[in-house]
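Asks: just coords:
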């Protein structure tokens, strides 16, 4: 699963296809790629918090489960990564990670 998420090339097709201009598929692919590897564990909570914060700062919308992003992704990145991002983010929000 980590290597599937790592296939993201950052092309932006997912953002363009999303009615909310959500970058969650792209962000979640990056978070998932590293969160699933043992080497990525020490920073996993901070990474999720920082990447979602930056996504919000840039003005991207939130996912509303339309799944147009997955359909348009040339690398076949799954929306399952968005669920993982949400789990990582929620878990991190219960700790004092900055």
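Replies: All right, it came through fine. Please read these numbers as outputs of a predicted model, since none were measured by experiment. Numbering: from 1, shown residues only.

Asks: Going along the chain from the helix or strand that residue 46 is a member of, find the next helix or strand for me.
Replies: Take DSSP states H and E as the rule and residue 46 turns out to sit in helix 44-57. Once helix 44-57 ends, the next helix or strand along the chain (criterion: DSSP H and E) is helix 68-72.

Asks: Report all helices and strands that the lowest-mean-pLDDT helix or strand in the chain contacts.
Replies: Among the helices and strands of the chain, helix 2-6 carries the lowest confidence by mean pLDDT, DSSP states H and E, at a mean of 80. Helices and strands touching helix 2-6, by 3 or more CB pairs under 8 Å, 6 or more residues apart in numbering; DSSP states H and E, are helix 24-35. No exception for glycine: its C-beta is placed from N, CA and C like everyone else's.

Asks: what angle do the helix it packs on and helix 44-57 make?
Replies: 160 degrees (axes from the mean of the first three to the mean of the last three CA atoms, to 10 degrees).

Asks: quick one: contacts for residue 68?
Replies: Contact analysis of residue 68 by CB atoms under 8 Å, 6 or more residues apart in numbering lists 17, 18, 19.

Asks: correct me, but residue 95 touches residue 45?
Replies: Yes: Residue 95 sits in contact with residue 45 when judged by CB atoms under 8 Å, with a separation of 6.0 Å.

Asks: Can you pick out the residue with more neighbours from the two?
Replies: residue 45 (20 against 10; other CB atoms under 10 Å).

Asks: Report the central residue of this structure.
Replies: By CA atoms, centre = their mean, the chain has its centre lying nearest to residue 28, at 1.2 Å.

Asks: Could you measure from that one over to residue 34?
Replies: 11 Å (CB to CB, to the nearest Å).

Asks: for the chain, which spans come out with low pLDDT?
Replies: Low-confidence segments of the chain (pLDDT under 70): 1-2, 96-98.
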